[in-house]
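> Kindly return the folded structure for what I paste below:
(one chain, ligands or ions: 1)
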Amino acid sequence: MYWDRENETLPREKLQILQLEKLQLTIERVYRNVPYYRAKFTEMGIKPSSIRSLEDMRRLPFTTKQDLRDNYPFGLFAVPMSDVVRVHASSGTTGKPTVVGYTKNDINIWAELIARSLVCAGGTKFDVVQNAYGYGLFTGGLGLHYGAERLGAAVVPISGGNTQRQLMLMQDFGATILTCTPSYALYLAEEGQKMGLDFKKLPLKAGIFGAEPWSERMRRQLEEKLDLTALDIYGLSEIMGPGVAMECPAKEGMHIFEDHFIPEIIDPDTGEVLPPGEEGELVITTITKEAFPLIRYRTRDITRLNPEPCPCGRTHVRIRRITGRSDDMLIIRGVNVFPSQVESVLLEFGETEPHYLLVVDRKGSLDQLEIWVEVAEQFFSDKVRQLEELEHRLQDRIQSVLGISARVKLVEPNTIPRSEGKAKRVVDRREI
Ligand code: DLL
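Okay, the predicted model is just below:
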């Protein structure tokens, strides 16, 4: 079953012709409308006419999160704000978020790609989609929402959290598709079990889980506990949001929608493009986006391309499960967290040293973050109340910057191990 049979099964030669055409238009558009790209291309001696084949892409510069930060908030948009109909944002490396924008047409394509993704999971207009991705600046909620509507399914925009109510409505409304992060799905399963809920009696048939790394082990658990088919969905705000790639029932990786995105795998250290099948960092160029086109965006996600034909008939290349990151970003309870965000808070507070450690654990299926922070010598006191008060202030500030709660544990000066080279800021004890 396909949503858009023609484009999803386009023979590869045709797909490549189409990709080149759209790539050339995108290059022209950013050269004309985005001063940052025009300057960068000029510096490298590249004109839009220099890109004559898909291989020529390798000459184009990479775009990084730092470039987005330098052009905060709207500097990389390729259309005037009057053509932008929505913005979303995700965590930046420090206080300021990464901001992305969409035209009407961008939103339209996004809905199409989510509809494709839902159909990949067996979705039809008869489905009831319980959408437990967060609504708001995060792309998960609204992204899935409009795609489910496009498909004609009935969407329940419940957003994340409020687990008891999720479970009640899941039964009452007869949800057939669940969309949320895999760790939240596991939490729902466990809480449901505690309430004596028998998922085998519910009509749930598919789960579309993403926004954070998970494993085959978790897939087995989810499928068994929730009695559904669990599929992986990938995306990132910068590129669009969810629906950049979607797993099909073959469960051997996610088809990246190549009529809109061109993937490459590079060596994260050298920037060299790696041959198909090798593991490295995923780089994506958008070829249909209007408001916020990105050229060779370094996702920092580590994966591999699988160009083998897929039994499902889709011709778009598949990416393997994301196995890690080439930077230090963590995803905690579905929220992207950079250690540097914590550092920026500590620097605001004079009472602590910038020596800290993020300790992440998974209790049951819930992620927990503890932040150990060294107190500055002159502020370290025996007055427990004063220290507690500092802990609370830090906790509040960190919650507002990171968007998730963390337990701050103040430690005595000189207790966090120093390292000779790159400081070790994270201890991740989660087993996924
Ligand atoms: O997480 C978009 C999304 C929403 C994807 C809902 C899937 C479902 P960001 O908040 O910008 O966007 O975070 C993007 O999350 O670079 C990956 O590191 C990670 N990520 C997303 N999907 C997966 C996945 C959304 N299926 C960052 N497996 C990406 C592993 C994932 N990691």
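> Which residues of the protein lie near the ligand?
90, 133, 138-140, 210-213, 232-237, 241-242, 299, 301, 322, 325, 331, 336 (Cβ under 6 Å from any ligand atom). Glycine gets a C-beta too; all of them are placed from N, C-alpha and C.
> So which of those residues are in helices?
Among the residues of the chain next to the ligand, DSSP state H puts 139-140 in helices.
> Give me the contact list for the lengthiest helix in the chain.
In terms of residue count, the longest helix belonging to the chain (DSSP H) is helix 12-33. Here helix 12-33 makes contact (Cβ atoms under 8 Å, 6 or more residues apart in numbering) with 10, 37-38, 41, 47-48, 51, 53-54, 57, 60, 78-79, 258-259, 262, 285-290, 293, 295, 315-316.
> Which strand residues bridge the residue of the chain found nearest the ligand?
In the chain, the residue that lies nearest the ligand is Gly210 (3.1 Å; Cβ to the nearest ligand atom). Judged by DSSP bridges, the bridge partners of Gly210 are Ile233.
> tell me the contacts of it?
Residues counted as contacts of Gly210 (Cβ under 8 Å, 6+ apart) are 181-182, 232-235, 242.
> Tabulate these (JSON lines), appending pLDDT and neighbour count.
JSON lines is the format used below for those (pLDDT from 0 to 100; neighbours: other Cβ atoms under 10 Å):
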{"residue": "Thr181", "pLDDT": "96", "neighbour count": "23"}
{"residue": "Pro182", "pLDDT": "95", "neighbour count": "25"}
{"residue": "Asp232", "pLDDT": "98", "neighbour count": "22"}
{"residue": "Ile233", "pLDDT": "98", "neighbour count": "26"}
{"residue": "Tyr234", "pLDDT": "98", "neighbour count": "25"}
{"residue": "Gly235", "pLDDT": "98", "neighbour count": "28"}
{"residue": "Pro242", "pLDDT": "98", "neighbour count": "28"}
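> And these, which two are furthest apart?
The span of those, defined through Cβ to Cβ, is set by Pro182 and Gly235 at 14.4 Å.
> returning to that earlier point: and of the contacts of Gly210, the nearest to Ile432?
Pro182 (8.2 Å).
> mind giving me the domain split of the chain?
Domain segmentation of the chain under automatic domain parsing yields 81-327, 335-428.
> Give me whichever of those is most buried.
Neighbour counts (mean count of other Cβ atoms under 10 Å) averaged over each of those peak at domain 81-327, with a mean of 20.
> need the strands for the stretch 301-432 of the chain, in chain order.
305-306, 318-319, 324-325, 330-332, 335-337, 352-363, 366-375, 407-411, 426-428 (DSSP state E, counting those that start in this stretch).
> before we move on, what about the stretch 151-300 of the chain?
154-156, 177-180, 206-210, 229-236, 241-247, 254-256, 261-266, 280-286, 297-303.
> list the contacts for the closest residue to Trp110 other than its chain neighbours?
Nearest residue to Trp110 in three dimensions, chain neighbours excluded: Met240, at 5.6 Å (Cβ to Cβ, 6 or more residues apart in numbering). Counting by Cβ under 8 Å, 6+ apart, Met240 makes contact with 106, 109-110, 113, 139, 143, 260, 286, 289.
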